[in-house]
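K.L.:
Here's a sequence, model it:
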Amino acid sequence: MLSWKKLAAILAFIFFLVILQVKNPDINGPFKGILGNILNPFVYYTSKTTEFAGNVWNGYINLVNVRRDNVELREDNGRLRLQNSIMQEKVLEYERLKKLLNFKDAYQFDTIACNVVGRNIEGYVRYIRIDRGSADGVKVNDPVISFNGLVGVVTEVDMMTARVDVLLNIVNNVSVMNKRTRSVGIIRGDGAGKLTVDYYDRLDDAKLDDLLITSGLGGVYPKGIAVGRIFKLFSTETGLYRRISVSPVVDFFKLENVLVVSR
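P.N.:
As a prediction, the model looks like this:
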C-alpha cells in the first residue's frame, strides 16, 4: 500500500496539473473530464517541447545552408573578379594593338607585331627581348618602334626571339632632326636613363620641348619617327656644336607591344 506521504504527493501533483490547465486556456487535449485534466498538460507541453526542438533543428540546418551558400558566393565572387581582371587586361591590350595598327597605317611600313617578353633587370632599360625571331623574318639592324615613337634596333636574333637595344643604350647612335627647325644631330644614351644630342650646330635654333624625330640619314631608321623632346640646353660660347639633353617619348619600362620594321 502507498504511504500517506506518497499519496499526498500524487494528489498534490494532480492538483498542480489541474491548476496548470485552469491557468492556461491554451491547453486543449484529446482527453475529457478528470482524465483530461491529468493527461492534457502532458500532451500539450510534450507537443510544445517537440515543436521547440524542431524549430531549433531547422534553424541549425538553415544556418548550415546559409554558411555553405556564403562559401559558394565568395568562390563565385573570386572567379568573377579574376574574369573581370582578365577582361580589363584584354581591353587594354586591344587598345594598345589598335594604336599600333593606326601607327602602322599612318607610316605605311611593313612591320612585324611583337610582344615584349623580357628586358635587363638592373638600372635603366638598355635592351628588351621580343617574341619574334628569324622564323618570323626579323633580322639584325631592323628598327623597332612603338605607337609613341622609336624604340631601338634589333641586335641579336635567334629562331623564336630577338634582342632589341633601345635608344637609352649608349651603344646606339641615331641621326635625329629638330622637327621645327630641321637642324640635325646625333642622339645617344647618356648612361643615366636619358638621351643626349651631339653635333647639333651651336648657332642653330633650339627650344625647350622641341620634338626631335629621326632624320632618315644613315639608312637604318625611317625618317619622321618621334624620338624625344628637348628638356635642357647647354650654352657654349666656343666650338661648333652645342649639347642638348632629351627626354625620350617612349616609356621603356612600360613597353608591352612593339613593331619591327622590315627593311
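
K.L.:
On the three-state scheme, Val151 is what?
P.N.:
strand (DSSP: H, G, I helix; E, B strand; the rest coil).

K.L.:
Pull the number of nearby residues for it.
P.N.:
25 (other C-beta atoms under 10 Å). Quick note: C-beta positions are derived from backbone N, CA and C, even for glycine.

K.L.:
Just confirm it contacts Leu255, I think it does.
P.N.:
Yes - here Val151 reaches Leu255: they are 6.8 Å apart, a contact under C-beta atoms under 8 Å.

K.L.:
what is in contact with those two at once?
P.N.:
Ile128 (C-beta atoms under 8 Å, 6 or more residues apart in numbering).

K.L.:
for the residue nearest to Asp142 when sequence neighbours are not counted, which residues make a bridge with it?
P.N.:
With C-beta to C-beta, 6 or more residues apart in numbering as the criterion, Asp142 has its nearest non-adjacent residue at 4.4 Å, and that residue is Val154. On the basis of DSSP bridges, Val154 is bridged to Val164.

K.L.:
what's near enough to touch Val154?
P.N.:
Here Val154 is in contact with 138-144, 162-164, 260 (C-beta under 8 Å, 6+ apart).

K.L.:
Which members of these are the farthest-apart pair?
P.N.:
Spatially, the most separated pair among the contacts of Val154 is Pro143 and Arg163, at 14.0 Å (C-beta to C-beta).

K.L.:
So which of those two has more stuff around it?
P.N.:
More crowded of Pro143 and Arg163, by other C-beta under 10 Å: Pro143, with 23 against 20.

K.L.:
Relative to Asp165, how far out is the more buried one?
P.N.:
11 Å (C-beta to C-beta, to the nearest Å).
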